[in-house]
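K.L.:
output the structure for:
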Amino acid sequence: RTGFRISPGNPFNDIAETDAADVENTYTTLVTRLAELNLGYLHMVEGADRTLTTRLRAAWPGPFILNPFTYPEPTGPETLALIEDGTTDMVAFGALFLANPDLPARLAAQGPYNTPDRATFY
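P.N.:
Just a heads-up that it's a prediction; the model follows:
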């Protein structure tokens, strides 16, 4: 089984999804149809609108992975509360994981965390 990743409303590579109603309709329809395929998971890169995240989460019956909108800060340990409140099943960490290759152990110990340095990522 495989999963699917979406990033509604995010302006990557000059993509412009600026009509909020169209974004909601498009992605709600997409997620509803994807749910019929019994995929392994849905991974969402969140935009600034948590309301859309909540709607899409409700439409998805399987595991839901969220890269939460935390701009300009990297996704941090405080976002684990999104699992506790049911917003998501898993949180995707990017920059914090690159700065802390042992991130699961650091999360369990509640820190300390190295500060991400974008100049050293790749």
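K.L.:
how about the helices of this structure, start to end?
P.N.:
Per DSSP state H, the chain carries helices over the ranges 20-35, 50-59, 81-84, 95-99, 103-108.
K.L.:
and these, which is most packed in?
P.N.:
helix 95-99 (a mean of 18; mean count of other CB atoms under 10 Å). The way it works is simple: take the backbone N, C-alpha and C, and place the C-beta from them, glycine included.
K.L.:
how close does N13 sit to S7?
P.N.:
Taking CB to CB, to the nearest Å as the criterion, N13 is separated from S7 by 11 Å.
K.L.:
neighbour count for those two, which is higher?
P.N.:
When N13 and S7 are compared on other CB atoms under 10 Å, the one with more neighbours turns out to be S7, at 16 against 5.
K.L.:
my guess is F64 meets G86, correct?
P.N.:
No. F64 is beyond contact range of G86, at 9.7 Å (criterion: CB atoms under 8 Å).
K.L.:
neighbour count: those two, which is higher?
P.N.:
F64 (22 against 11).
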